[in-house]
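1. Have a look; sequence and predicted model below, questions after that.
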Amino acid sequence: MTLKLVVRRSTEIAEGIREIVMTRPDDGPLPAHPPGSHVVVDCGPQRNAYSLTNCGIDPGAYTVAVLRRPTADGGSGGSEQMHRFQPGDRVALSPPRSAFPPVSTARRHLLIAGGIGITPLLSHARNAVRWGADVRLLYVHRPGAGAYADELSELLGERAQRVTEKSEFSVLLRQALVSQPMGTHLYVCGPAALMDRVLQEAAAAGWPPQRLHLERFTPAELDPGQPFTASLGRSRRQVSVPAGTSLLEALENAGVEVPNMCRQGVCGECRVPVLAGRPLHRDEFLSEDERVAGDSVMCCVSRSETETLEVDL
Amino acid sequence: MGLQHTSVPRWPTADPGVDRTGRAYAVMSFGPDAAPLAAGWGRELHALGRTVWSWHGEAATDEAVAELRRQVEYATVGWRLMLAGPQCDVLRAHAEALRGGVLEAEITVLVTDAVRTRVWCAHCGATTLADAALGEVTGCSGCGRSLYVYHHVSRRTATHLGFMADAEELQ
Amino acid sequence: MTTAAARRSAALSSRIAGFPFPFRADTYRYSTNVEPARVPVATEAGGWGGGILDIDGEYAAELAERERILAADPTRLTVLPHMRPACWDALRTLLRELAAQHPDMMELRRDGDELVWRNELLGIEQRFRDGDDDTLPGGPLGFLGSQIQDDIVLLDQREGSLWADAGLVTFAADWSLHFDVGMRFLEVHGPVPRVHEEGVISRAERFLMRLQPGQEYRRTNWTMSVDRRLDQSTEVYPLWGRDRRLIAEAPADELAERLQLRVEVQHLIRLGASGAVLFLIRTYLLSLAELAQVPAWRTRFGRVLAELPDDMAEYKGLTRFRRAAADWLLPDS
């Protein structure tokens, strides 16, 4: 499913950072989402993931903040396209996906942001304030590039600490890691080096991994995979399975009926016996032993490692 | 994989060893069998240079649980809890720690025996400390019904589920 | 449907026509039988499943029954404190769903910083402030339970597990919400035989944990009970337990009238704002006598009962009467 939205506003909110507000063409309601969610936006030839800064309850608009990373600096070009969007432009994006939500039982939420990594944590901060949760923020950024600095200080007051000096950040981080009440969860988003460092120092201070949460963008969907041919042993037919089409869909298109239910690799209904070839398992159903045996495949999500997969159909 | 997935805790009955990843520790032990084990943990942690708070008593009484609650309130992340004793006492202290925001990953448990059971009566809501094991029948201290001690355990309330053993035989 | 079938369908009561007959074969085993929600299912007698919430002829009676049960035992509504946002999320989501399904009778509108809920089927209009528990009778979950027939459980996701941390369950089939609250998904299902060895529960949990905001699935489950007693919770087992024994000794006509196939249509929905998994359990009862009006159901259910392994029959509480029920359903075998 793809959302087709309209850019309503694009504003430079800090050096090299634009905030882009998108709504439905009719300004109707958008799907709600947990704090820390992201959308995958079609920006030119790229698809980039961006965190939503909304807290996610009944959103009328989706807001992202994008740091421009020129291709010359190793950027993919997607952020440059995002910066070119003008009010009125159409934009296609995935529905929100949640991979960085707050822990509801946390006694305190300790948010640590580096640079543009503030975006999902702004969403967290808004949610915590809405529900009266205990929240603290440590935000480090380059001078002049402190997106949402005013808003955060209004939202969190003394509970937000913002620094531009790395040495100052180091001191505050070290203090924070040894002084949080039991039940605190830590959330970090920022450059990889910063995240690694926070995780390392936290572990050294005795934080178990279950209390540490970092934003990492996961592929929005299963990847389309390589094309292959399904050879039907019983009917002696060849069915080609293009990239982006599941084996189940290809079989259905060829008029071969396979019992199925969830079409997500979970229920086990669409299991098909394999006679030859090596399946590429992507399901949740088969056990490790069954995967290794390689004599059946869940055709709704799994594919083939070999060019041809012979199945007992 | 069956049994490990039921709600009945299958905690170690042999020393699982000290979790060295913590910064500060609380060691609580119940009953005579647990005392030397807990003392061993304490010595090892001191040798590692960690802060240790130790408590030993006969059972996880209301006072013991209140003391643990205070420790959790003052603790900062990096703290670990180590528990040793009969399952019903360990389970109760474990529940109190969870309530305070401690994660299972921060608690080390050693069970010395499972002779007694805290049974929650589904019919009157009373909790009975009973000398009864799983699958046995015990009297409810609240309503007097004979309760079947079911293989279903709440870590939140530290109780086994008990329900009327002879409900289908009533005339 | 053929014209003969259509005539037969019209003659059956709406209860039979809308009954979600759950068996796809003559044998039954546990499986992770999830499928997308909102897909209509045609049955031999009619159909079900076009929407999430099903308001049927039992609406008023079942809501009154829930109110009575809750008044007698308020623990049937249990919410751990961290689940407040999820409860509000469930309320907003399902009131909107009701309004979308019954736009002539129900409406949720915003009025300043208040929301106004109108339900003409119940003749009520309720104003409340989103997120303010004190503005709704029973709080968000209690109020929701006064508008829909389904039982409600909310699952929180953390530490790599789902946790059943809130619920309003008045029509439980042989379990206790109050005891189970706060358990991991795997622990809630601890006592169920076979499912752990076969990986059914852990697979279901992995599936639920991967649901994205707004995704909706459903499954069915079944058991049997005596009479149209919706509240078969562990709490009141002393009230209904002995019927399991007495019904097996009853004359055939009485057995067929009183013994019910009890089917749960369970919806599994990833809520948007809170990220909680909403688990709805809608219970349908149909007596063997009613069921037998659909010959295909009669035969199939008879065969399922006759074949069911002993441990599954024991867990479902069918041991005492399932032979008698199967014999009644399959008189020729």
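-> Ah, there it is. Numbers count the residues shown, from 1 in each chain, chains lettered A, B, ... in the order given.
2. Surely B:Y25 forms part of a strand?
-> Yes. Under DSSP: H, G, I helix; E, B strand; the rest coil, B:Y25 sits within a strand.
3. Contact partners for it?
-> Going by CB atoms under 8 Å, 6 or more residues apart in numbering or on different chains, B:Y25 touches B:L45, B:R50, B:T51, B:V52, B:W53, B:W79, B:R80, B:L81, B:M82. In short, each C-beta sits where N, CA and C put it, glycine included.
4. What's the separation between the last one and B:V65?
-> As judged by CB to CB, to the nearest Å, B:M82 and B:V65 stand 16 Å apart.
5. who has more neighbours, those two?
-> B:M82 (25 against 18; other CB atoms under 10 Å in any protein chain shown).
6. So which elements touch the helix or strand that contains that one?
-> B:M82 is part of strand B:79-85, with elements assigned from DSSP states H and E. Applying 3 or more CB pairs under 8 Å, 6 or more residues apart in numbering or on different chains; DSSP states H and E, one finds that strand B:79-85 makes contact with strand B:24-30, helix B:34-47, helix B:87-99, strand B:107-111.
7. residue contacts, the closest residue to B:S141 other than its chain neighbours?
-> For B:S141, ignoring the flanking residues on the chain, the nearest one in space by CB to CB, 6 or more residues apart in numbering or on different chains is B:T128 at 4.2 Å. Residues in contact with B:T128, defined by CB under 8 Å, 6+ apart, are B:R118, B:V119, B:C121, B:T138, B:G139, B:C140, B:S141, B:G142, B:L147, B:G162.
8. List the ones among those residues that fall in helices.
-> In helices, judged by DSSP state H, none of these are found.
9. Same list (the contacts of B:Y25) but as CSV, adding distance to C:G317.
-> As requested, those are exported to CSV (distance: CB to CB, whole Å):
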residue, distance to C:G317
B:L45, 50
B:R50, 52
B:T51, 53
B:V52, 50
B:W53, 48
B:W79, 45
B:R80, 43
B:L81, 40
B:M82, 42
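10. which of those residues count as buried?
-> B:L45, B:R50, B:V52, B:W53, B:W79, B:R80, B:L81, B:M82 (16 or more other CB atoms under 10 Å in any protein chain shown).
11. And those, which is closest to chain A?
-> B:W79 (6.0 Å; CB to the nearest CB).
12. quick one: contacts for the residue of chain B found nearest chain C?
-> When distances are taken as CB to the nearest CB, chain B reaches nearest to chain C at B:A167, 3.0 Å away. Neighbour list for B:A167: C:Y237, C:P238, C:G241, C:R242 [criterion: CB under 8 Å, 6+ apart].
13. how close does it sit to B:V137?
-> In terms of CB to CB, B:A167 sits 12 Å off from B:V137.
14. Leaving out the residues flanking it, which one is nearest to the residue of chain B closest to chain C?
-> Using CB to CB, 6+ apart, the closest residue to B:A167 is C:G241 (3.0 Å).
15. Next, count neighbours for the one you found.
-> 21.
16. Can you classify it as helix, strand or coil?
-> helix.
17. Surely it and B:Y148 touch.
-> No. C:G241 lies out of contact with B:Y148 (CB atoms under 8 Å); the separation is 11.2 Å.
18. Overlap of the contact sets of those two?
-> B:M164.
19. one step back: in the sheet, who's paired with the residue nearest to B:S141?
-> B:V119 (DSSP bridges).
20. where does it land on pLDDT?
-> Reported pLDDT at B:T128 in the predicted model: 97.
21. Distance of it relative to A:A65?
-> For B:T128 relative to A:A65 (CB to CB), the value is 58 Å.
22. Could you do A:A133 as well?
-> On the measure of CB to CB, A:A133 and A:A65 end up 23 Å apart.
23. and the residue of chain B nearest chain A?
-> B:G101 (2.3 Å).
24. Could you do the stretch 151-300 of chain C as well?
-> For the stretch 151-300 of chain C, CB to the nearest CB, closest residue to chain A: C:G272, 2.8 Å.
25. Look up the closest residue to that residue, ignoring the ones flanking it.
-> A:A32 (2.8 Å).
26. Could you do A:E12 as well?
-> That would be A:R18: by CB to CB, 6+ apart, it lies 5.4 Å from A:E12.
27. how close does the most far-flung residue of chain C relative to its centre get to chain A?
-> The C-alpha centroid of chain C is most remote from C:G112, which lies 35.7 Å away (CA atoms, centre = their mean). According to CB to the nearest CB, to the nearest Å, C:G112 stands 15 Å off from chain A.
28. and that residue, what does it touch?
-> So C:G112 contacts nothing (CB under 8 Å, 6+ apart).
29. Could you rerun that using 10 Å?
-> Residues near C:G112 by CB atoms under 10 Å, 6 or more residues apart in numbering or on different chains: C:R127, C:R129.
30. Which helix or which strand is home to C:A164?
-> Residue-wise, C:A164 maps onto strand C:161-168 under DSSP H and E.
31. May I have that strand as PDB, with CA atoms only?
-> Presented in PDB, the C-alpha positions along strand C:161-168 are these (Å, rounded to 0.1, in the frame of the first residue of the first chain):
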ATOM      1  CA  SER C 161       7.400 -10.500  23.800                       C
ATOM      2  CA  LEU C 162       3.800  -9.600  23.900                       C
ATOM      3  CA  TRP C 163       2.200  -9.100  27.400                       C
ATOM      4  CA  ALA C 164      -1.500  -9.400  28.200                       C
ATOM      5  CA  ASP C 165      -1.600  -6.300  30.300                       C
ATOM      6  CA  ALA C 166      -5.200  -5.100  30.100                       C
ATOM      7  CA  GLY C 167      -8.600  -6.500  29.400                       C
ATOM      8  CA  LEU C 168     -12.300  -6.600  29.800                       C
END
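32. which is the next helix or strand following that strand?
-> Following strand C:161-168 in sequence, per DSSP H and E, is helix C:177-180.
33. Show me where the chain has its helices.
-> As the question left the chain open, I've gone with chain A. A:78-84, A:118-130, A:149-156, A:166-177, A:192-204, A:247-253, A:288-293.
34. you looked at the wrong chain, it should be chain C
-> Using DSSP H, helices in chain C cover C:3-11, C:14-17, C:59-72, C:84-101, C:139-144, C:177-180, C:185-188, C:200-210, C:237-248, C:252-258, C:288-291, C:295-307, C:310-315, C:322-329.
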